[in-house]
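Peer 1: Let's see this in three dimensions:
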Amino acid sequence: MSVSPHDQPTPSTKPNAAQPELECRDVAMEFINSRGFAEQVLKDLNLRVSSGEILTLLGPSGCGKSTLLRILAGLLSPTKGDVLVQGQSFQQGGRTLKDRLSFVFQEPALLPWRTVWENVSLPLQLRRKQKTADAKESIEHWLAMVGLSPKDWSKKPGQLSGGMKMRASIARAMTTRPRILLMDEPFAALDDVLRSRLNDLLLKIVAEEKCTVVFVTHNITEAVYMSDSIAIMDQGKLSERLEIRFTEPRTKELRSSPDFSRYYATASASLFRNVTSDE
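Peer 2: Sure thing, here's the model as predicted:
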């Protein structure tokens, strides 16, 4: 189901390919809990993500957002159903298909014994698909793109702030030029000012790279600002989908605009209407 507030602004010009970049078909996922019983985390979930789209999964803790993201990345196999990346399953596409994706976790997950440069270079070292000169150029490009200066490149993660660690994590994810970027609440631990700056950085990267993003967050403001569409999740199901249409590029002034307020109100109402009460 798609919902939109009245008086929409001029639509975005982002691409909307007929064949989705990512697709879930009747995906279900079960885990065995501590008592030995099967617990269903995802229930017959269907989802389509278009090429170049930023789709946000929004919902409370425990609703299945992170599990779904890991299934999209090929890190977990669903109990049933199919996941297609550019029309292929992971069984069909194999390693080549997984190489088109990158994952940014909530924790930066930098190796503490490696420098910033060495951490960012790791995906290229593991894949060994670039010449040394090309790899060096890519690493330097992405370190500069995320705002890490040369004096930071030789630092270890323990010498970095939380924001600098996340910048390094984003640079590491982008060195392989992924077609699809999966992000699991990457800015949740940051203050509002830094979160806003990294939101803008991510939008700049997506605009330049034309990559597709699936983004997990609890933050409604972040979801509205970042997204082309928001998928509301509750108890393992996709309960509603909200299409977001702003003129591009998005700027910090957007957050105080009437259009933004309308979308925020619509997303908030949709979230609380669909999320099952804990009472």
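Peer 1: going forward, measure contacts between C-alpha atoms and count neighbours the same way
Peer 2: Fine.
Peer 1: Strands of the chain, start to end?
Peer 2: Counting by DSSP state E, the segments of the chain that form strands are 2-3, 22-32, 38-49, 54-58, 80-85, 101-104, 180-184, 212-217, 229-234, 237-243.
Peer 1: Report the buried residues of stretch 209-217.
Peer 2: Going by neighbour count (16 or more other CA atoms under 10 Å), the buried part of stretch 209-217 is 210-217.
Peer 1: Distance from the chain centre to it, please.
Peer 2: 5 Å (CA atoms, centre = their mean, to the nearest Å).
Peer 1: what does stretch 254-263 give?
Peer 2: 22 Å.
Peer 1: Report the residue spans of this structure with pLDDT below the cut-off.
Peer 2: Flagging of the chain using pLDDT under 70 yields the residue ranges 1-18, 93, 128-132, 274-279.
Peer 1: let's see it at 50
Peer 2: 1-13, 15, 17, 278-279 (pLDDT under 50).
Peer 1: Which segments of it make up each domain?
Peer 2: 2-100+178-274, 105-177 (automatic domain parsing).
Peer 1: returning to what we had before: next, format the strands of the chain as TSV and append distance to residue 148.
Peer 2: Converted to TSV, the strands of the chain look like this (distance: least, CA to CA, whole Å):
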stretch	distance to residue 148
strand 2-3	39
strand 22-32	31
strand 38-49	31
strand 54-58	25
strand 80-85	32
strand 101-104	17
strand 180-184	20
strand 212-217	22
strand 229-234	30
strand 237-243	34
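Peer 1: Of these, which is nearest residue 120?
Peer 2: strand 101-104 (12.4 Å; CA to CA).
Peer 1: The closest one packs against which elements?
Peer 2: helix 162-174, strand 180-184 (3 or more CA pairs under 8 Å, 6 or more residues apart in numbering; DSSP states H and E).
Peer 1: can I get those in TSV with distance to residue 31 and mean neighbour count?
Peer 2: Formatted as TSV, the helices and strands packed on strand 101-104 follow (distance: least, CA to CA, whole Å; neighbours: other CA atoms under 10 Å):
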stretch	distance to residue 31	mean neighbour count
helix 162-174	28	24
strand 180-184	20	24
